[in-house]
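Peer 1: Build me a structure from this.
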Amino acid sequence: MTDAETAAFLRERWLGVLGSVGSDVSPHLVNVGYLVEDGQIVVTSFAAAQKVRNIECTGVATLLVEYPWPYVEVRGVMVSGSARVVRGTATALDITTKMCDAHIRMSGAESGQGTFDDDPAKHAAKRVAVYLDPTRVRTGDRTKLGGTY
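Peer 2: Below you'll find the model as predicted:
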């Protein structure tokens with residue numbers, strides 16, 4: 001994918017798989033909602049989550065976002081880089097609110113139509129923001145292969 005196609009692909013999606021490195025050096029993979037903001041990938045998480053602990057220890061993470069089916073249309077972007085955890089209720093609330101608004105728009109639903117049950121402020125004090133600064137971006141797009149492999 002070109003840089004423009006990659007940016008558009010990431011903006012059009014809201015779910016990915018975040019990978020961090022555990023204390024036993026094994027991958028820790030979790031599904032996350034994300035937001036692209038100022039060239040960075042941003043997720044929120046409960047502060048006590050394993051992914052947060054891993055990122056605080058290693059300072060790195062990877063996010064995989066893909067369109068997995070049908071096989072001839074598989075596309076994906078994997079973003080790796082330095083990651084940092086930002087603590088603070090105001091930051092967590094700001095990012096969570098932006099994510100909720102963006103995800104509601106992407107889903108085509110109106111607020112309150114089953115997309116998000118909780119008020120973002122309800123858990124903001126327990127949450128953190130994680131910023132992933134891309135240093136390596138890998139892409140794949142089977143639609144460009146013309147049905148041949």
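
Peer 1: quick one: Ser80 and Leu64 touch, right?
Peer 2: No - taking C-beta atoms under 8 Å as the contact criterion, Ser80 and Leu64 are not neighbours in contact, 9.5 Å apart. (Glycine included, C-beta is placed from N, CA and C.)

Peer 1: Identify the contacts common to these two.
Peer 2: Between them, Ser80 and Leu64 share no contacting residue under C-beta atoms under 8 Å, 6 or more residues apart in numbering.

Peer 1: Of all the helices and strands in the chain, which has the lowest average confidence?
Peer 2: Considering only helices and strands, the least confidently modelled element of the chain by mean pLDDT, DSSP states H and E is helix 89-107, at a mean of 85.

Peer 1: Tell me the helix or strand right after it.
Peer 2: Scanning the chain past helix 89-107 towards its C-terminal end, the next helix or strand to appear is strand 127-141 (assignment: DSSP states H and E).

Peer 1: Determine the angle, from 0 to 180 degrees, between that following strand and helix 89-107.
Peer 2: Direction vectors for strand 127-141 and helix 89-107, defined by axes from the mean of the first three to the mean of the last three C-alpha atoms, to 10 degrees, enclose an angle of 40 degrees.

Peer 1: partners of the helix or strand where Ile41 lies in the sheet?
Peer 2: Here Ile41 sits within strand 40-46, counting by DSSP H and E. Listed by DSSP bridges, the sheet partners of strand 40-46 and their directions read strand 35-37 (antiparallel), strand 127-141 (antiparallel).

Peer 1: which other helices and strands contact the helix or strand just after that strand?
Peer 2: Next helix or strand after strand 40-46 toward the C-terminus (DSSP H and E): helix 50-58. Other elements packing on helix 50-58 under the criterion 3 or more C-beta pairs under 8 Å, 6 or more residues apart in numbering; DSSP states H and E are strand 15-21, strand 27-33, strand 40-46, strand 60-67, strand 75-87, strand 127-141.

Peer 1: List the residues that contact Lys122.
Peer 2: Contacts here follow C-beta under 8 Å, 6+ apart; on that basis Lys122 touches nothing.

Peer 1: coming back round to it: could you say which one of the strands paired with strand 40-46 comes nearest to Lys51?
Peer 2: When those are ranked by distance to Lys51, counting by C-beta to C-beta, first place goes to strand 127-141 at 7.5 Å.
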